[in-house]
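# Got a sequence here, can you model it:
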Amino acid sequence: MKEKPYHKQQNNNNVSIQTGQQFPLTIKRLGINGEGVGYFKRKVVFVKGALPGEEVVAEVTKAGERFSEAIVRKIRKESPDRVKAPCPIYEQCGGCQLQHMNYDASLVGKQDIVAQAFSRYTKIPDQHLPIQKTIGMDNPWYYRNKSQLQTRKINKQVIAGLYKEGTHELIDLSACLVQHQQLNHVTQIVKSILADLNIPIYNERKHDGEVRTIVTRIGFETKQVQLVLITNTAELSNKELFIKEVRQKLPEVTSLMQNINDSKTSLIFGEQTYHLDGEETINERLGEFSFDLSARAFFQLNPKQTVHLYDEAKKAARLSGKEKIVDAYCGVGTIGQWLANGASEIRGMDTTREAIEDARANADAQQINTTYEVGTAQKWLPTWLKQGFKPDVVVVDPPRSGCDPQLLKSIVQAKPNRVVYVSCNPSTLAKDVQQLMDKGYKVVNIQPVDMFPWTAQVESVTELVLKK
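Next up is the predicted model:
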């Protein structure tokens with residue numbers, strides 16, 4: 001394709017970038033969403049599919065005052081880290097962002113993504129940032145233990161997949177290279193059962209039909225599979241026949257559930273969950289620990305890397321056996337219970353009732369001294385403080401939005417000796433860390449962990465200590 005001309009301008013501050021404009025660009029680094037980052041006349045340009053070190057011709061798809069977005073029209077100088085993506089629908093799906101990048105190079109890129117966030121949002125000098133190399137996987141494929149695929153019906157065929165990036169066009173995932181292979185198999189069979197029994201599939205535009213989403217989860221160690229149908233209605237047509245077919249064709253499914261979500265929302269789960277067949281939970285083991293998982297309970301999606309993540313959290317907690325620990329956003333109690341043999345008491349909280357019920361059962365089964373409550377961390381930590389409970393270590397593993405401001409205030413009020421911050425979003429992590437630094441905490445170590453190979457996501461464990 002012929003390159004469009006670009007014009008030099010004398011005043012860089014007045015440069016106006018236009019949608020459709022093309023210009024040469026050198027890519028300096030990876031952005032937080034996996035895109036390449038370059039600078040045109042000192043203005044930031046995010047280029048989807050470009051890699052650090054490459055010289056490309058970029059075409060602007062979205063122009064803005066603070067930054068612009070672009071795509072690659074031509075690669076003039078290719079990075080030695082560029083590889084051919086093995087997934088045949090990589091470009092269409094959008095679930096992965098870095099399959100075109102050498103895996104070892106992606107680990108370096110993820111370390112840099114975390115470092116960039118700290119550089120931007122904290123006062124720590126770049127040269128003094130205590131960040132380690134990213135912990136990667138020996139085999140970074142088929143690592144996800146959970147699949148959540150939206151459904152559609154095209155002619156008489158049921159498809160299930162992910163939305164193409166920036167659209168509501170559903171891309172059918174017949175086989176996914178990052179999902180556990182058993183989940184790929186279960187989803188394919190479920191699609192055929194739904195089609196054969198003519199069970200109505202949800203129509204997003206009309207907000208009618210029944211089956212919205214097929215959710216599957218597997219215990220990597222136990223091989224137990226949970227299948228959850230997310231439906232728009234409490235009614236499920238041919239329910240008994242569906243249960244019978246699943247029993248016959250998918251004996252690995254040990255838990256069959258139905259969740260009702262009748263809202264016009266992008267959220268997957270609704271509030272009501274019904275037991276259809278088998279057990280209500282599946283079991284997973286991490287190291288010496290065993291966890292029962294209900295349909296809506298949060299559990300890390302990459303069990304093999306979870307062991308590394310939690311080991312780093314335990315290392316950061318520096319336990320002697322006497323510490324009292326608060327496990328905020330505790331889910332089914334995984335992190336707290338992982339740390340339990342080095343502590344005297346664990347207290348945790350989560351807003352999902354089923355998760356707390358699982359956490360209590362998991363702790364009882366392992367005879368761990370715990371207290372778990374339903375509710376927010378910003379509610380329970382101040383309550384416990386008033387009751388005279390003072391934690392030595394607070395572990396937080398918040399959603400991507402970061403810690404609630406009230407929780408950060410409560411942590412400052414509690415003054416634990418250590419805060420262990422497990423994060424899935426470097427930007428909100430760095431912002432929260434600076435707030436704790438402003439109140440007397442110091443960052444001792446930052447350890448990135450690659451929980452989601454081939455995506456731009458990076459988890460990390462940050463160790464903070466209270467200055468004496």
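
# what packs against the top strand by length along the chain?
As assigned by DSSP state E, the longest strand anywhere in the chain is strand 67-77. Applying 3 or more CB pairs under 8 Å, 6 or more residues apart in numbering; DSSP states H and E, one finds that strand 67-77 contacts strand 22-30, strand 43-48, strand 55-62. The C-beta positions use only the backbone N, C-alpha and C, and glycine is treated the same way.

# closest to residue 361 out of these?
strand 22-30 (41.4 Å; CB to CB).

# Give me the mean pLDDT for stretch 268-286.
For stretch 268-286, mean pLDDT rounds to 95.

# buried ones in that stretch?
269-270, 273, 276-278, 280-284, 286 (16 or more other CB atoms under 10 Å).

# From start to finish, how long is that stretch in a straight line?
Terminal residues of stretch 268-286 lie 26 Å apart, using CA to CA, to the nearest Å.

# and what of stretch 113-129?
Terminal-residue distance, stretch 113-129 (CA to CA): 13 Å.

# Quick one: the strands in the stretch 201-350 of the chain, in order.
For the stretch 201-350 of the chain, applying DSSP state E, counting those that start in this stretch gives strands covering 211-218, 225-231, 253-260, 272-278, 282-286, 289-293, 323-328, 343-350.

# can you redo these as a markdown table with distance to residue 69?
What follows is those, written out as a markdown table (distance: least, CB to CB, whole Å):
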| stretch | distance to residue 69 |
| --- | --- |
| strand 211-218 | 29 |
| strand 225-231 | 32 |
| strand 253-260 | 36 |
| strand 272-278 | 39 |
| strand 282-286 | 39 |
| strand 289-293 | 38 |
| strand 323-328 | 35 |
| strand 343-350 | 36 |
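
# Tell me which of those strands approaches residue 138 most closely.
Of all the strands of the stretch 201-350 of the chain, it is strand 282-286 that lies closest to residue 138, at 17.5 Å by CB to CB.

# what helices or strands is the closest one leaning on?
Counting by 3+ CB pairs under 8 Å, 6+ apart, strand 282-286 packs on strand 289-293, helix 303-317.

# and of the strands of the stretch 201-350 of the chain, who's closest to residue 412?
The minimum distance between residue 412 and the strands of the stretch 201-350 of the chain falls on strand 323-328, with 13.5 Å, by CB to CB.

# Now that closest one: buried residues?
Buried, per 16+ other CB under 10 Å, within strand 323-328: 323-328.

# again, but for stretch 165-179
Here stretch 165-179 shows 170-173, 176-179 as buried, counting by 16+ other CB under 10 Å.

# re earlier: can you say which of the helices and strands packed on strand 67-77 is nearest to residue 143?
Using CB to CB, the helices and strands packed on strand 67-77 put strand 22-30 closest to residue 143, at 20.6 Å.

# What helices and strands are in contact with that closest one?
strand 36-40, strand 43-48, strand 55-62, strand 67-77, helix 103-121.

# Same list (the ones you listed) but as CSV, adding mean pLDDT.
Listed next are these as CSV, based on pLDDT from 0 to 100:
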stretch, mean pLDDT
strand 36-40, 96
strand 43-48, 96
strand 55-62, 97
strand 67-77, 97
helix 103-121, 97
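
# Any chance of CSV for those, columns distance to residue 365 and mean neighbour count?
Formatted as CSV, the helices and strands packed on strand 22-30 follow (distance: least, CB to CB, whole Å; neighbours: other CB atoms under 10 Å):
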stretch, distance to residue 365, mean neighbour count
strand 36-40, 48, 20
strand 43-48, 47, 20
strand 55-62, 52, 19
strand 67-77, 50, 17
helix 103-121, 35, 20
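
# Using a markdown table, lay out the ones you listed together with distance to residue 380.
Below are those laid out as a markdown table (distance: least, CB to CB, whole Å):
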| stretch | distance to residue 380 |
| --- | --- |
| strand 36-40 | 40 |
| strand 43-48 | 40 |
| strand 55-62 | 43 |
| strand 67-77 | 40 |
| helix 103-121 | 27 |
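
# Quick one: closest of those to residue 463.
helix 103-121 (13.5 Å).

# got a list of contacts for that closest one?
Applying CB atoms under 8 Å, 6 or more residues apart in numbering, the contact partners of helix 103-121 are 29-32, 51-52, 79, 81, 98, 101, 124, 126, 129, 131-134, 136, 140, 426-427, 429-431, 433-434, 446, 448, 450, 453-454, 456, 458, 460.

# Could you list which of those residues belong to helices?
Using DSSP state H, 426-427, 429-431, 433-434 are the members of these that sit in helices.

# so, if you compare those residues, which one comes nearest to residue 441?
Looking across the ones in helices among the contacts of helix 103-121 and measuring by CB to CB, the closest to residue 441 is residue 433, at 7.9 Å.

# any idea how far the closest one is from residue 365?
For residue 433, the distance to residue 365 equals 35 Å [CB to CB, to the nearest Å].

# More neighbours: the two, which one.
Higher neighbour count among residue 433 and residue 365: residue 433, with 26 against 14, using other CB atoms under 10 Å.

# and that one, what does it touch?
118, 121-122, 421, 441, 443, 462, 464.

# Highest neighbour count among the residues you listed?
That'd be residue 462 among the contacts of residue 433, by other CB under 10 Å, with 29 neighbours.

# Quick one: low-confidence residue ranges for this structure.
1-15 (pLDDT under 70).

# Pull up the gap between the residue lying closest to residue 327 once chain neighbours are set aside and residue 456, please.
In this structure, residue 327 finds its nearest non-sequential neighbour in residue 336, 3.3 Å apart by CB to CB, 6 or more residues apart in numbering. Residue 336 is 29 Å from residue 456, where distance means CB to CB.

# of those two, who's got more company?
Taking neighbours as other CB under 10 Å, residue 336 and residue 456 compare with residue 336 leading, 29 against 18.

# what sits against that one?
325, 327, 330, 346, 348, 370, 395.

# which one of these sits closest to residue 355?
residue 330 (7.6 Å).

# Now the closest one, what are its backbone angles?
phi -80, psi -20 (degrees, to the nearest 10).

# For residue 199, find the nearest of the helices and strands packed on strand 22-30.
Between these, strand 43-48 lies closest to residue 199; by CB to CB that is 37.5 Å.

# give me the beta-bridge partners of the closest residue to residue 186 other than its chain neighbours?
Leaving aside its chain neighbours, residue 186 sits nearest to residue 216 (5.1 Å; criterion: CB to CB, 6+ apart). Residues in a beta bridge with residue 216, per DSSP bridges, are residue 147, residue 227.

# Output the ones in helices among the contacts of helix 103-121 as JSON lines; include the columns distance to residue 86.
Shown next, in JSON lines, are the ones in helices among the contacts of helix 103-121 (distance: CB to CB, whole Å):
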{"residue": "426", "distance to residue 86": "27"}
{"residue": "427", "distance to residue 86": "30"}
{"residue": "429", "distance to residue 86": "31"}
{"residue": "430", "distance to residue 86": "33"}
{"residue": "431", "distance to residue 86": "36"}
{"residue": "433", "distance to residue 86": "36"}
{"residue": "434", "distance to residue 86": "40"}
